[in-house]
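Asker: Curious how this folds, go ahead:
(3 chains)
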Amino acid sequence: MTIDLKTVKHISKLSRISIDDNKAKKLGKDLNSIFSFIEKLNELDTKNTEPLTSIAETTLKLRKDEIKSENIREDILKNSPDKNKDFFVVPKVIE
Amino acid sequence: MMSNITDLKLVELVDKIKKKELSSSEVTVAFIERSKKSKKLNAYISENYENAIKKAKIFDQKPDFKKKLPGIPIAVKDLFCTKNIRTTAGSKILENFVPTYESTVTQNILDEGGIIIGKLNCDEFAMGSSNETSYFGNVQNPVSENLVPGGSSGGSSSAIAAKLTPATIGTDTGGSIRQPASFTGTVGLKPTYGSCSRYGIVAFASSLDQAGPMTHDVKDCSLMLEIISTYDTKDSTSVDFKRENYLTNLNENIKGKKIGIPKEYRVDGMPKEIDELWEKGIKIIKENGGQIIEISLPNTNYALPTYYIVAPAEASSNLARYDGVKYGFRSKGENLIDMYEKTRSEGFGDEVKRRIMIGTYVLSSGYYDAYYLKAQKVRRLIKNDFDEAYKKVDAILTPSTPSSAFKIGEKLNDPVSMYLNDIFTVPINLAGLPAISIPAGHDKKGYPLGLQVIGKAFDEQSILNIAFALEKNISFKNNITDWWIK
Amino acid sequence: MSKNNGEYLIIRNDNKYEVIIGLEVHAQVLSESKLFSTSSTKFGSEPNTQVSLVDAAFPGMLPVINEHCIKQAVKTGIGLKAKINKRSIFDRKNYFYADLPQGYQISQYKDPIVGEGSVTLDMPNGEKNIGIERLHLEQDAGKSIHDIDPQNTLVDLNRSGVALMEIVSKPDLRSLDEVNAYIKKIRSIMRYLGTCDGNMQEGSLRADVNVSVRKKGDKKLGTRCEIKNVNSIKFMQMAIDFEANRQVDIIEEGGSIDQETRLFDTKKNETRSMRSKEDAHDYRYFPDPDLLPLELNDNYIDQIKKNIPELPDEKKKRFIEKFKLSPYEANILVSDIEISKYFEEVSKNSDVKLATNWITGELFALLNEKNIEITESPISSKNLSKLINLIKDGTISGKIAKSVFEIMRDGDKDPITIVEEKGLKQQSDPKELENLINKVIIENPKNVEAYKSGKDKLFGFFVGQVMKNSNGKANPKLVNEILKKKLN
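Answerer: Numbering: from 1, shown residues only, chains lettered A, B, ... in the order given. Reported below is the predicted structural model:
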């Protein structure tokens, strides 16, 4: 299969990464070469194979319902690009 | 004296500090001085020198010799979040990010008396095999000028090989510890998945990522593993198993050990030297009373394609948090979506974007079953291969890489050929197993080559012991000339 | 719209359309801390003060699941008579939004913790079962605030990571009344179980509404539209009514319905397409590699089953059998756990019939008037019980009781004290009553004569006069008896 320019643009939209046409073409070429190498998996019959969702040889551990985090608003907001002492600030969302 | 300190191995330094033959300050200053003279390697992204010297002085005033790393300076890969020390993951998007928290692995180092002297260069978000994707520039392999140090833990392999730090910590998602170790003539171990906590490590591919030591020799490696491998309730995938005193238990007795040789690892076009090296390893095992058994890992060839679905898929989601909202780089945008798209387009480098796109694609509607689900199924087949093999053998011996280090820029325009570099290391991450790479010889260019010992899950002690026996018999010597120091 | 026999149909040009409704209820799990982090879930705190490094998705932060939230989901599943899945998986739902710090929501997709179940609704024309498709656990998002800063959107992550249960119904609902009953029933069950406080004002209970229409008699379901995030029953009903009519209009004009996500504009009372966003909504679900499959064993589930309290359906049955209440009365009294608790406290020590009447009558009127919940009632169950006992043992009449109740409502005073202080005790001494009656007979000779000559209706006049003269304290039953004797 081949990944066309339209698909590349669609993926870039989904990934929230803007790319111009030149980059999209180059990327399309890279993706096609990577996917032609990935297609090798089609040689394998996996009809009766269960997918492996986790490699960790353990069961999910459960935490007690306790509040341990304090108010660390200052720490949380310290690295935010738009300085505001109460909120994270982002450009207006258009609906 | 000063000039010799950096030649000492980690275990030797610990010993000398405990015997008060050296102070933490002397050791810390020595490594910092050498690091300062080695800027040309570009191994560091952030330096913590002043602070480290202060800490060393404090240690010397009230030394605690019960610690396993008493006042030992250590530089770590810049993928570990370190409190109040900038953490970039080699990316522009985190260029100015200063965590207010400490990763569990670095906390373990601090708790044992270690002192962080800096953060080491790496491929952006650990995506790369040559350290060329770092926003902070290429790293030089101390073995030879303009040679890549491997990746993604390239700053770490360069720093340990050049003796800028007595030991270091890397992370390994598809070979990012073992391949650079192999390229620089050093020792690197990827522990079993679940052995080291992932808490506070900038995530690349959550089901594959593991932190691990990179050191001069197997002894140092055992000590570091003892320190960084802890059960952590903050990581749901951390496993509560009985961790050994790896250093205390270390011994070269491999009598009766069954070592598997997978025939699928003899790939076409592999340099003759690597084959010879492998034979050398086999011979040493036999001479030391080990038993060599031919095994088959039939799905080996499918590991790399599987990896290039699973890892990018997880990464595409793990890296969604870098959106310019909470921390890190932000581009000006007319509205929220515009801001996202510009921030991520300018903040990520090409390789990272490429992998995010691959990952997004394989998870997207209509393709999930064909790619992601398929990869998860093949991943089970690969794991089953190892499970079968371990019914017959205790460990597996392979080369670490299909070639030695290559020149900077050599593979930059051919992603697939770059990816092929990890062909021997990737299956181990997919199966979640422990593996160690130790230096075993040189190719005809004089570049180091490594052998990989793969173990059963949580049986790090066995591979350390086998590696220890190999190391003793190989007596590898790294021919590093300090060419970068004028 | 027309309502024939409780049927909800939309009629256009002689075509009758049936409306098919399914609900996805998002219920906030009652817990101290969040689903995957240890920050508080308290409502109404200062912005971003209940945000941990995990909630704000700092690099390297990992989720660790809250055991209590799992238990709450299992409990709710049992309350919905649903299958509890012993193995469930947490997936990532990927999308970008300012108040979604991870860039994905941890949810459950293919393998939810709870499978199929059902709830029973009491409708005027009988019981109706609504199928439950599934219940799964997921994280709540933060809050985007658009109206503080004109240029920017502000983000508060206090809610980010709070545990939600998404309860998905089958498309079994057919009318606005059923939607109302369904939401109330789900809410009631969760409040009985203590798994969700059901507070719609605080957003603890919200729903996405799936609406489709089909010509009555058709078997095939029409194309549905999903209306996102509606936060009151009234708005749900308005949104459904608008949306169903919109769809019928399109079909009547020969068009077809696009499956899409729509938004309900509460100001304009209309639903609006969110199509602009559709493109970006390929959620790319996959199992969260930071978490492992959740495995529950039989013992764990049985243990929870054993501790499930009596739920509304069973309580209703018991009230009818034990207290001989009518189904209607029982329904009202079990509709909310707090009401049922109040009722049981009052009826424990008092006459059940009187308790039922006083709670559903006077007390409910009072609560309604003050717009408060029964938990905030100014009259405690203990004092209401005492008041009822005063009526029952004849100390006061029902009428006096009402005036005592009026005094009680302003400060939960003990009715016994009120009766004593105000001297409201009923006059039941036959001698005294006879005196009162004699006085009335003497003072009204004409009326006595008229009564005796056959004007029976005048009997009420005499009773009224006696009551008036006693300031309402005379025991009406005794007054009746004595008067009858005297006049006949």
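Asker: which bits of the stretch 1-150 of chain C sit near chain B?
Answerer: C:53, C:56-65, C:92, C:94, C:96, C:98, C:101-104 (CB under 8 Å from any CB of the partner chain). From N, CA and C alone the C-beta is placed, and that goes for glycine too.
Asker: Spell out which residues of the stretch 351-486 of chain B are next to chain C.
Answerer: Neighbours of chain C within the stretch 351-486 of chain B, by CB under 8 Å from any CB: B:360, B:363, B:364, B:365, B:368, B:372.
Asker: Now a ChimeraX select for only the buried ones of these.
Answerer: Typed into ChimeraX, the line below selects the buried ones among these, using 16 or more other CB atoms under 10 Å in any protein chain shown:
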select /B:360,363,364,368,372
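Asker: Format the residues of the stretch 351-486 of chain B next to chain C as TSV; extra columns: secondary structure.
Answerer: As requested, these are exported to TSV (DSSP: H, G, I helix; E, B strand; the rest coil):
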residue	secondary structure
B:360	helix
B:363	helix
B:364	coil
B:365	coil
B:368	coil
B:372	helix
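Asker: returning to that earlier point: which members of the residues of the stretch 1-150 of chain C next to chain B are positioned in helices?
Answerer: If you go by DSSP state H, the residues of the stretch 1-150 of chain C next to chain B have nothing in helices.
Asker: how many neighbours does residue C:237 have?
Answerer: Residue C:237 has 18 neighbouring residues, counting by other CB atoms under 10 Å in any protein chain shown.
Asker: next one: residue B:275
Answerer: Around residue B:275 there are 12 other residues, counting by other CB under 10 Å.
Asker: what residue lies at the spatial centre of chain B?
Answerer: Note on chain B: the residue nearest the mean C-alpha position is residue B:177, at 2.2 Å, using CA atoms, centre = their mean.
Asker: what's that residue in contact with, if anything?
Answerer: Applying CB atoms under 8 Å, 6 or more residues apart in numbering or on different chains to residue B:177 gives the contacts B:153, B:156, B:170, B:171, B:188, B:189, B:190, B:212, B:214, B:437.
Asker: Show the subsequent helix or strand relative to whatever helix or strand the second one lives in.
Answerer: For residue B:156, the host element (DSSP states H and E) is helix B:154-161. Where DSSP H and E defines the elements, the next helix or strand beyond helix B:154-161 is strand B:168-172.
Asker: quick one, phi/psi of residue 15?
Answerer: Unless you meant another one, I'm taking chain A. Backbone torsions of residue A:15, given as degrees, to the nearest 10, read phi -80, psi -10.
Asker: think we crossed wires, I meant chain C
Answerer: The phi and psi values for residue C:15, taken as degrees, to the nearest 10, are phi -90, psi 130.
Asker: Can you list the low-confidence ranges for chain A?
Answerer: Applying pLDDT under 70 to chain A picks out residues A:1, A:94-95.
Asker: Could you pull out the strands in it for me?
Answerer: A:62-63, A:88-91 (DSSP state E).
Asker: can you check the stretch 201-350 of chain C too?
Answerer: Ranges of strands in the stretch 201-350 of chain C, per DSSP state E, counting those that start in this stretch, are C:205-215, C:225-230, C:260-265, C:270-273, C:286-287, C:294-295.
Asker: and those strands, which is most packed in?
Answerer: Compared across these, strand C:286-287 shows the largest average neighbour count, a mean of 25 (mean count of other CB atoms under 10 Å in any protein chain shown).
Asker: what's that one in contact with?
Answerer: Contact partners of strand C:286-287, identified using CB under 8 Å, 6+ apart, comprise A:53, A:54, B:313, B:317, B:363, B:368, B:372, C:89, C:90, C:91, C:92, C:293.
Asker: give the contact list for the residue nearest to the fifth one when sequence neighbours are not counted.
Answerer: Across the structure, with CB to CB, 6 or more residues apart in numbering or on different chains as the measure, the residue nearest residue B:363 apart from its sequence neighbours is residue C:284 (3.8 Å). By CB under 8 Å, 6+ apart, residue C:284 lies in contact with A:14, B:316, B:317, B:360, B:363, B:364, B:365, B:368, C:92, C:93, C:94.
Asker: now with 7 Å?
Answerer: B:360, B:363, B:364, C:94 (CB atoms under 7 Å, 6 or more residues apart in numbering or on different chains).
Asker: Which one among those residues sits at the bottom for pLDDT?
Answerer: On pLDDT alone, residue B:364 ranks lowest of the contacts of residue C:284, at 94.
Asker: so it sits right up against residue A:14, yeah?
Answerer: Yes: contact criterion CB atoms under 7 Å: residue B:364 and residue A:14 qualify, at 6.5 Å.
Asker: Count residues in the vicinity of residue B:147, would you?
Answerer: Residue B:147 has 22 nearby residues by other CB under 10 Å.
Asker: likewise residue C:88?
Answerer: 22.
Asker: what pairs with it across the strands?
Answerer: Using DSSP bridges, the beta-bridge partners of residue C:88 come out as residue C:294.
Asker: Which pLDDT value belongs to it?
Answerer: 96.
Asker: State the distance from it to residue C:119.
Answerer: Separation of residue C:88 from residue C:119 (CB to CB, to the nearest Å) stands at 21 Å.
Asker: Tabulate the CA atom coordinates of stretch B:111-131 in PDB.
Answerer: Taking Å, rounded to 0.1, in the frame of the first residue of the first chain, the C-alpha atoms of stretch B:111-131 are listed here in PDB:
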ATOM      1  CA  ASP B 111      19.600   8.200  48.400                       C
ATOM      2  CA  GLU B 112      22.800   6.100  48.100                       C
ATOM      3  CA  GLY B 113      24.900   9.200  48.300                       C
ATOM      4  CA  GLY B 114      25.400   9.800  44.600                       C
ATOM      5  CA  ILE B 115      25.800  13.400  43.300                       C
ATOM      6  CA  ILE B 116      24.300  14.500  39.900                       C
ATOM      7  CA  ILE B 117      27.000  16.400  38.000                       C
ATOM      8  CA  GLY B 118      25.000  16.900  34.800                       C
ATOM      9  CA  LYS B 119      22.500  15.700  32.300                       C
ATOM     10  CA  LEU B 120      23.700  13.800  29.200                       C
ATOM     11  CA  ASN B 121      22.800  14.300  25.600                       C
ATOM     12  CA  CYS B 122      20.500  11.800  23.900                       C
ATOM     13  CA  ASP B 123      18.400  11.500  20.800                       C
ATOM     14  CA  GLU B 124      15.300  13.600  21.000                       C
ATOM     15  CA  PHE B 125      12.800  11.700  23.300                       C
ATOM     16  CA  ALA B 126      15.200   8.800  22.900                       C
ATOM     17  CA  MET B 127      14.200   8.300  19.300                       C
ATOM     18  CA  GLY B 128      17.300   7.400  17.400                       C
ATOM     19  CA  SER B 129      20.300   5.100  17.200                       C
ATOM     20  CA  SER B 130      23.100   7.700  16.700                       C
ATOM     21  CA  ASN B 131      22.300  10.600  18.900                       C
END
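Asker: quick revisit: let me know the closest of the contacts of residue C:284 to residue A:28.
Answerer: Taking CB to CB as the measure, residue A:28 lies nearest residue B:360 of those, at 14.1 Å.
Asker: Chain B: strands as residue ranges?
Answerer: Remark: strands assigned in chain B by DSSP E are B:44-47, B:73-77, B:115-120, B:168-172, B:187-190, B:210-215, B:258-262, B:291-295, B:395-399, B:435-442, B:448-455.
Asker: Give me the contacts around the second one.
Answerer: Right, strand B:73-77. Contacts for strand B:73-77 (CB under 7 Å, 6+ apart): B:27-28, B:31, B:44, B:52, B:106, B:109, B:114-120, B:122, B:153, B:155-156, B:159, B:164-165, B:167-171.
Asker: Tally up the residues packed near the residue lying closest to residue C:293 once chain neighbours are set aside, please.
Answerer: Spatial nearest neighbour of residue C:293, excluding adjacent residues (CB to CB, 6+ apart): residue C:89 at 5.1 Å. Here the count is done by other CB under 10 Å, and residue C:89 has 22 residues near it.
Asker: Residue C:89 touches residue C:292, doesn't it?
Answerer: No: counting by CB under 7 Å, residue C:292 is not a contact partner of residue C:89; they are 8.8 Å apart.
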